[in-house]
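K.L.:
Fold the following for me, if possible:
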Amino acid sequence: TLVSAAGLIGTDAGLWECQSRPDSHQQCLDTVRKSDIENFLCMPFVPSECLNPLVAIRAFNVEVGKSADKAKDSKLIEIRLQWWRNAVESFQGGKPPYHPVVDSLCEAFHTHQLDIDLLLSVIDRRIEDLDVPHVE
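P.N.:
Here you go, the predicted model:
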């Protein structure tokens, strides 16, 4: 049983907190529309039950990319990417920070059993591409 969009979501096995806000999915869709038009134009072909998780994943990719592109200083890039890493890692029992993309991605992570290692690999790949040392 899922209860969503206002904070706690869960199954009979337990609860986790995603702090999901009703406008989080729309903000993710706006992010994809503005920054990933190729994927946005393909959204009408996606089955409705897959749309929110796909949009969350695409918005996550956009935000991680922007984090890496916004700063010239590798330390600032490292800090921004570490913030995303911490946010994703908090899906496994912590309380994720409020951010529309984090909210939607956390919900998708739990409702669709997304692989955390694949999500973290998006961040790791950006670090590798920028030749920024990985922060643990």
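K.L.:
Run a quick neighbour tally on residue 31.
P.N.:
Each residue near residue 31 was counted by other CB atoms under 10 Å, and the total is 23. Using the backbone N, CA and C atoms, a C-beta is placed for each residue, glycine as well.
K.L.:
show me the contacts for it.
P.N.:
Going by CB atoms under 8 Å, 6 or more residues apart in numbering, residue 31 touches 59, 62, 63, 100, 101.
K.L.:
Please repeat the previous calculation with a cut-off of 7 Å.
P.N.:
Residue 31 makes contacts with 59, 62, 63, 101, as judged by CB atoms under 7 Å, 6 or more residues apart in numbering.
K.L.:
My read is that the third one contacts residue 100, right?
P.N.:
This points to residue 63. No - Residue 63 is not in contact with residue 100 according to CB atoms under 7 Å; the separation is 9.4 Å.
K.L.:
related to what we said a few turns ago, most surrounded residue in the contacts of residue 31?
P.N.:
Taking other CB under 10 Å as the neighbour criterion, residue 59 ranks highest of the contacts of residue 31 with 27 neighbours.
K.L.:
was I right about that residue contacting residue 26?
P.N.:
No - taking contact to mean CB under 7 Å, the distance of 10.7 Å between residue 59 and residue 26 leaves them out of contact.
K.L.:
Check the secondary structure at residue 98 for me.
P.N.:
In the three-state summary, residue 98 is assigned as coil, counting by DSSP: H, G, I helix; E, B strand; the rest coil.
K.L.:
For it, give its distance to residue 112.
P.N.:
Between residue 98 and residue 112 the distance, using CB to CB, to the nearest Å, works out to 21 Å.
K.L.:
One more: residue 95?
P.N.:
On the measure of CB to CB, residue 95 and residue 112 end up 20 Å apart.
K.L.:
which of the contacts of residue 31 sit farthest apart?
P.N.:
Of all pairs drawn from those, the widest gap by CB to CB lies between 62 and 101 and measures 8.1 Å.
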